[in-house]
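Enquirer: Quick check, what structure comes out for this input:
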Amino acid sequence: MWLLVLGSFLALVAGQDSHVSVLVDQLNYGVLKPSDLERLSPALAQAFAHALGITPEDIQDAAGHLSEVDLHPGTTRNQYMPDTWPLAQPGTGTVVSARARLPSTNLAFIAEDTLGGGLFESKLRKVVGDVLGHDSEAILGQLAVDAAVVHEDVAGRDDPAATQAQPRDKGAKLLWYVGMGVVALILVGMLLCCVRSCCARKNLSGESTGFLQVNTYEDDVPIYKDPMKLFSSGQGH
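Expert: Predicted coordinates:
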């Protein structure tokens with residue numbers, strides 16, 4: 001049983017390639033020099049990896065370079081961005097994008113919330129400030145994450161391979177939830193067994209200890225108050 005659950009778990013945690021895009025407000029892409037981009041790319045890749053709980057080698061740019069990201073003007077759009085994606089005014093924003101291998105197919109929405117959260121935003125400010133200098137002309141004000149999207153890489157709908165891949169993805173997610181449910185039930189069962197065992201031991205400790213219990217008393221009267229109780233308890237029967 002355990003081998004079956006473990007095998008299903010390991011099969012599902014095989015990883016899923018996703019496309020990540022973040023719109024950074026108040027970072028003027030237009031004044032960034034090529035040397036700035038070269039230094040920012042690996043630093044931001046490491047920040048992405050730390051936030052997503054993966055290694056920097058799980059992050060790569062569009063050209064396939066590991067531990068690198070792509071930086072574009074804030075007005076840039078790609079096919080992974082939703083229709084509600086905001087467009088920064090020219091000279092006021094930068095789009096950071098990369099490909100990331102997430103641990104599982106059902107973690108994309110969690111990763112998206114993480115990259116749009118305050119912790120990653122604070123980390124982003126520190127990384128950019130450390131690389132460019134906090135007085136850099138590229139930093140117009142306090143950096144902020146205006147939008148973040150994590151899109152699982154799936155082939156186009158017209159591609160027959162994509163039509164077959166989508167049911168497999170849904171099936172994998174279902175197996176994931178079933179497997180995790182089985183693991184949870186097993187853990188609950190083990191916990192209940194431990195509680196039952198502890199209760200049984202406690203009950204045994206409260207029972208008579210045989211020959212060690214010489215006398216019993218009908219009332220809780222200390223011996224020093226009525227010494228004769230020690231002798232009278234075993235007589236008169």
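
Enquirer: Now name the helix or strand holding Ala184.
Expert: Secondary structure assignment for Ala184, by DSSP states H and E: helix 160-205.

Enquirer: what's the average pLDDT for that helix?
Expert: Helix 160-205 shows a mean pLDDT of 66.

Enquirer: Same question for stretch 132-151.
Expert: 95.

Enquirer: ok, residues contacting that stretch?
Expert: Contacts with stretch 132-151, where a contact means C-beta atoms under 8 Å, 6 or more residues apart in numbering, come from 18-29, 31-32, 36, 39-40, 80-82, 85-86, 88, 92-93, 100, 102, 108-109, 111-112, 115-116, 120-121, 124-125, 128-129. The way it works is simple: take the backbone N, C-alpha and C, and place the C-beta from them, glycine included.

Enquirer: Looking at those residues, which are in helices?
Expert: Mapping those onto helices (DSSP state H) picks out 36, 39-40, 108-109, 111-112, 115, 120-121, 124-125, 128-129.

Enquirer: Out of these, which end up buried?
Expert: Asp36, Leu40, Ala108, Ala111, Glu112, Leu115, Phe120, Glu121, Leu124, Arg125, Val128 (16 or more other C-beta atoms under 10 Å).

Enquirer: Dump those into JSON lines; add distance to Glu152 and pLDDT as well.
Expert: As requested, these are arranged in JSON lines below (distance: C-beta to C-beta, whole Å; pLDDT from 0 to 100):
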{"residue": "Asp36", "distance to Glu152": "31", "pLDDT": "96"}
{"residue": "Leu40", "distance to Glu152": "26", "pLDDT": "97"}
{"residue": "Ala108", "distance to Glu152": "5", "pLDDT": "81"}
{"residue": "Ala111", "distance to Glu152": "10", "pLDDT": "89"}
{"residue": "Glu112", "distance to Glu152": "11", "pLDDT": "90"}
{"residue": "Leu115", "distance to Glu152": "15", "pLDDT": "93"}
{"residue": "Phe120", "distance to Glu152": "19", "pLDDT": "95"}
{"residue": "Glu121", "distance to Glu152": "23", "pLDDT": "96"}
{"residue": "Leu124", "distance to Glu152": "23", "pLDDT": "96"}
{"residue": "Arg125", "distance to Glu152": "28", "pLDDT": "96"}
{"residue": "Val128", "distance to Glu152": "27", "pLDDT": "97"}
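
Enquirer: Spatially, which pair of these is furthest apart? Let me know, please.
Expert: Asp36 and Ala108 (30.0 Å; C-beta to C-beta).

Enquirer: Distance of Asp70 relative to Gly133?
Expert: 22 Å (C-beta to C-beta, to the nearest Å).

Enquirer: Distance of Leu66 relative to Gly53?
Expert: 17 Å.

Enquirer: For the nearest residue to Glu121 once chain neighbours are set aside, name its beta-bridge partners.
Expert: The shortest distance from Glu121 to any residue other than its chain neighbours is 4.9 Å, reached at Val145 (C-beta to C-beta, 6 or more residues apart in numbering). As for beta bridges, Val145 partners with Val24 under DSSP bridges.

Enquirer: repeat for Leu71
Expert: On the basis of DSSP bridges, Leu71 takes part in beta bridges with Val96.

Enquirer: Contact partners for it?
Expert: Tyr29, Leu32, Leu37, Leu40, Ser41, Leu44, Thr94, Val95, Val96.

Enquirer: mind listing what the first one touches?
Expert: For Tyr29, the contacting residues are Leu71, His72, Pro73, Gly74, Gly91, Gly93, Thr94, Val95, Ala138, taking C-beta under 8 Å, 6+ apart as the criterion.

Enquirer: Identify, from these, the entry nearest to Gly189.
Expert: Val95 (49.2 Å).

Enquirer: measure Ser136 to Val22 for me?
Expert: For Ser136, the distance to Val22 (C-beta to C-beta) stands at 19 Å.
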